[in-house]
Every structure is written in C-alpha cells, then in structure tokens.
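Q: Need coordinates for the following:
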Amino acid sequence: MDQITFHHDTVLSDVHMLLPNACHLMTYLNRVGQPVFISKFKILSGAERLDNSEPNEDRGQDTNATQGEVKKEVGAVNVDTLLDEDGDLDVTHRPRTMSTEGSGRALVCPIILQQSSPELEEEDNTDDEADKCFKDIIKIEHTMATPLEDVGKQVWRGALLLADFILSEQLMFRGATVLELGAGTGLTSIIMATIAKMVYCTDVGEDLLSMCRRNVALNRHMMEPGGSEVRVKQLDWLRHDFCTDADMEFSWKEEEIADIYDNTSFIIAADVCYDDDLTDGFFRTLYQLCSNFTHTCTIFISIEKRMNFTLRHMDVSCDAYDHFCHCLSQLQELVDGRCSFQVEQLPSNFEQFLLYERIEQLELWKLTATPTSF
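A: As a prediction, this is how the structure comes out:
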C-alpha cells in the first residue's frame, strides 16, 4: 500500500485528531483491507484525575479577556484592505510546505508491522507482556478515518465519557450482569468488566466483532483479578431475534439468552445515535429487551451533539440529536401495559479518569425500565 486515500465520506474521530504528535503504528490490515492501529488509554490515578465538578471561573475570565482583545484588534483593521475587487473577503493563506522543521508536529507515516490472515488469533503475540504489569493501561486496536458504516471501529468521546461514569460509580455496577449495545471497539465493555461480573459486548459485523474480541483478549489481565467475563456477541438492531445459528461466529447460546433476560441489571450504549434508521432500530431493540424483563433495568446512554450546517435548514442544526430526543420522548410516553420508562439527563460533572476533551456537547442520559406488573 503506497498511499492512504481519504474519500469525501471519510469520518475521523476527534479522539484521534487531538493526538497529532502521537506515534501511530499500523499493526496489521484487517479483513477488508483497513489499517488497524493500537492505542493505549491510561486510567488516571487520584492525583491525576480532572475535576469537572465546578467550572474554572478564572479560566473563563481569561478567555473572555482574550476574546475582548481579539475583537478590539479586529475593530482597528481597515476592512476595505481585506476585500478583493469584487467586494469579497480576501484571505491570505500562509504558504504550504512539506517541511516539518520547527512545526512542532511529527509527520505521520504509518508503518505496517504485520499483515492479517484468517489464522490471526486473539492469543497472538501482539500482547505486550510489559504492559500487563500496569493495571491502569488499556490497549485498544482501532482504525482511523473510516466510512460512516465503519465508525464503530474507531474510538469516540462518548465511549470515554461513559467509561468515566462507570469508574465513578463502581459500587453501582459491582457484581452486575451488563449488556452493551453497539460496543464498537469494546473499550467501554472492558472498563465495565473491571467492576461487573458478566458483560455481554454486542455489535454487528464479523470484522468489527473480531477486533472487539481481540481487544478483550489484550486486556484480559485487567479482568482476571475480579473473575469477570466479557462475551462478544452479535446483536443486529434491524433484526427481531438473537442469532442462535451454531455455524455463525459470535452467535448466542440458549443459556446466554436466558441469562440476558433473567439477570441483566444494566444496559449501556455509547455514541450510537448518529443515523436515524439505526437510532430507530436501537430504541426498538431496547424496548423489546426491557419489555421481556421481569425486573427493573437501568439504561445509560452517552451521546455527543454534533452540529452541522444543512442546506435544508440553511442553518446549523443537529438532526441526529433531535431524532434521538424524539425517540426518548416516544419511549417515555409509551403506554402498552408491558413496560414503562422514566428518562432523565444526568450531569456530566463526575471525575475524569481518562484523557480526552470533555466538551459541553457530551451528554449522559439515564433510562429506567420497569415492568408494568412489577
């Protein structure tokens, strides 16, 4: 592969974009030819954690002062000198150069260390024995810059926000059976498995689930002390049943399905509502699961509001988030005699255990599903 080409529909997670100087080593090519990278996420110790409980007033004052200075400087500029002969704003671009000297950024040159093969197993030697000595390091295989249909192979801020919440509420999840919907790379399930007893890590697509299973294997040392278990399974929101075909990889056994219905205390999902059809499928699956429980179940959903300029509105909007809120309202107003839902947005001011930018567009929602006959 001589060159990586980015298409118009390529999507890149901000988690990767905000690490411009990181050394990205391409470990192998997956079954569909996408380069797979590996990143390490450190769980911060008490002294290292970021406290989000109170806004930094001093920082806000400095920001306002800086903005005032910028406005003052702009006001002093002769606007006529910034316009071209047609009256349009004339922007002078700085010259582009291939040289990185003095730029402070390293030129990213991915290196293929290993080609994939059907025999590539989760117990491969990619597991660095030295990292096993550190109980606070999570290793995640992921891709970068994928088409929209493969965004589950990237790491997103919503997963990190939900992981922070799990780590800040360990007593709540200790010893529980948990189901994650749309787990992607499995990062949040792995974090949950350091606390819960059983985690069903679900998504769709053999290639994605294989990556997820490898990530579980890479971090098995973090789960072993508590005897926790993560089972990677396929759960397609656009289908109405569990896949039980024994010939299919990542299919379900009957006893696992029974365990889901009998013992699931929590359902979690991170940043899965970015497409209206998938959002509809997600909420249908959520309802079908909870309406068959004989006990109360709590659901935690993290989401990032992504603003886009649309020609339809001729304004900045967030259609995917609006549809998510519409589905929440429908779920809360649903009255069918089987299950009722309570919905509330939780504050996002809990401690930050992982390094990322916790922007104000990140939200955490709590749903409580209760059987009507309960």
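
Q: Please report how far residue 181 lies from residue 225.
A: 27 Å (Cβ to Cβ, to the nearest Å). Where C-beta positions appear, they are placed from N, C-alpha and C, glycine not excepted.

Q: which one of those two has more residues nearby?
A: Per other Cβ atoms under 10 Å, whichever of residue 181 and residue 225 has more neighbours is residue 181, with 21 against 9.

Q: Was I right to think the more buried one contacts residue 286?
A: Yes. The pair residue 181 / residue 286 is scored as a contact, 7.3 Å apart, by Cβ atoms under 8 Å.

Q: what bits of the stretch 151-300 of the chain have low per-residue confidence?
A: By pLDDT under 70, the stretch 151-300 of the chain has no low-scoring segment.

Q: now with 90?
A: Scanning the stretch 151-300 of the chain with the threshold set as pLDDT under 90 gives 223-227, 239-241.

Q: Run through the helices of it in chain order.
A: With DSSP state H, counting those that start in this stretch as the criterion, the stretch 151-300 of the chain has helices at 157-168, 170-173, 187-193, 206-218, 220-223, 254-263, 276-290.

Q: Could you list every helix and strand in contact with the fourth one?
A: Counting contacts by 3 or more Cβ pairs under 8 Å, 6 or more residues apart in numbering; DSSP states H and E, the secondary-structure elements packed against helix 206-218 are strand 137-142, helix 187-193, strand 198-203, strand 229-234.

Q: quick one: it to strand 229-234, angle?
A: Computed by axes from the mean of the first three to the mean of the last three Cα atoms, to 10 degrees, the angle separating helix 206-218 from strand 229-234 equals 170 degrees.

Q: and what of the longest one?
A: Taking the same axes, to 10 degrees, one finds helix 276-290 and strand 229-234 inclined to each other by 130 degrees.

Q: what's helix 276-290 in contact with?
A: With contact meaning Cβ atoms under 8 Å, 6 or more residues apart in numbering, helix 276-290 is reached by 179, 181-182, 235, 237-238, 240, 260-261, 264, 267, 269, 272-273, 297, 299, 319-320, 323-324, 327, 330-331, 334, 339, 341, 367, 369.

Q: buried sites along that helix?
A: Within helix 276-290, the residues scored as buried using 16 or more other Cβ atoms under 10 Å are 278, 279, 280, 281, 282, 283, 285, 286, 287, 289, 290.

Q: Kindly compare burial across the helices and strands packed on helix 206-218 and name the winner.
A: helix 187-193 (a mean of 28; mean count of other Cβ atoms under 10 Å).

Q: my guess is residue 304 meets residue 272, correct?
A: No. Using Cβ under 8 Å as the test, residue 304 is too far from residue 272 to be in contact (10.8 Å).

Q: Name the residue in those two with the higher neighbour count.
A: Neighbours were counted for residue 304 and for residue 272 using other Cβ under 10 Å; residue 272 has more, 26 against 20.
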